[in-house]
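>>> dropping the sequence and predicted coords here.
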Amino acid sequence: MTIHVIVCSNRSELVNAASRVFDGAGFRLTICECGLQALAAAEVVDADLLILDLETSGLDCLLMLAAIKELAPKLPIVAVSTRPQIDARVVSHKGVSYVTLPSTSAGTMEEVLAGLAQTEWTRCVSESTSTS
């Protein structure tokens with residue numbers, strides 16, 4: 001089983017951490033540098049998870065979330081940021097998980113992303129065995 005993860009971020013430290021965590025056994029990774037690329041990927045790629053960096057420049061996170069939910073209503077989305085966001089509560093009310101990433105340590109950022117990877121792997125395995 002391969003889990004396809006889309007990461008939308010233009011921050012090199014997040015992209016590099018995601019590449020180290022998701023590049024390998026059981027994962028396929030698509031990197032989007034802007035919200036429009038994430039919209040296109042959500043529409044055409046059969047992904048299992050979208051990690052959306054709320055700090056991506058030019059990204060109105062609430063509009064982007066609404067558009068992605070419209071295009072791919074079953075796609076699980078995790079919104080991430082290194083700064084606690086005022087709109088985190090609003091994001092959560094839209095059915096999107098929210099994670100504050102550490103800004104000081106790439107290793108700790110990788111640990112958080114690895115936790116997300118493990119959670120998604122468990123969910124996908126559980127869903128595939130329940131439909132078999």
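Yes, it's here. Predicted model only: the values in this text are computed from it and were never measured.
>>> OK, contacts around Ile51?
Shown in contact with Ile51 (C-beta atoms under 8 Å, 6 or more residues apart in numbering): Val5, Ile6, Val7, Cys8, Ser9, Ala18, Ile77, Val78, Val80, Leu113, Leu116. Bear in mind the C-beta positions are built from the backbone N, C-alpha and C, glycine included.
>>> can you rerun that using 6 Å?
Val7, Val78, Val80 (C-beta atoms under 6 Å, 6 or more residues apart in numbering).
>>> centre of the chain to the helix or strand harbouring the last one, how far?
Spelled out, it's Val80. Assigned by DSSP states H and E, Val80 belongs to strand 77-81. Centroid separation for strand 77-81 versus its chain: 6 Å, with C-alpha atoms, centre = their mean, to the nearest Å.
>>> now swap in stretch 112-127 and tell me
With C-alpha atoms, centre = their mean, you get 12 Å for stretch 112-127.
>>> ok, residues contacting the strand holding Val80?
Outside strand 77-81, the residues that reach it (C-beta under 6 Å, 6+ apart) are 50-55, 91, 96-99, 101, 116.
>>> any idea of the mean pLDDT for it?
In this model, strand 77-81 has a mean pLDDT of 86.
>>> can you list the strands that that strand pairs with?
Sheet partners assigned to strand 77-81 using DSSP bridges are listed as strand 49-53 (parallel), strand 97-100 (parallel).
>>> in the last one, what's buried?
In other words, strand 97-100. Tyr98 (16 or more other C-beta atoms under 10 Å).
>>> what is the helix or strand following it packed up against?
Remark: after strand 97-100, the chain's next helix or strand is helix 106-130, criterion DSSP H and E. Judged by 3 or more C-beta pairs under 6 Å, 6 or more residues apart in numbering; DSSP states H and E, helix 106-130 is in contact with helix 12-22.
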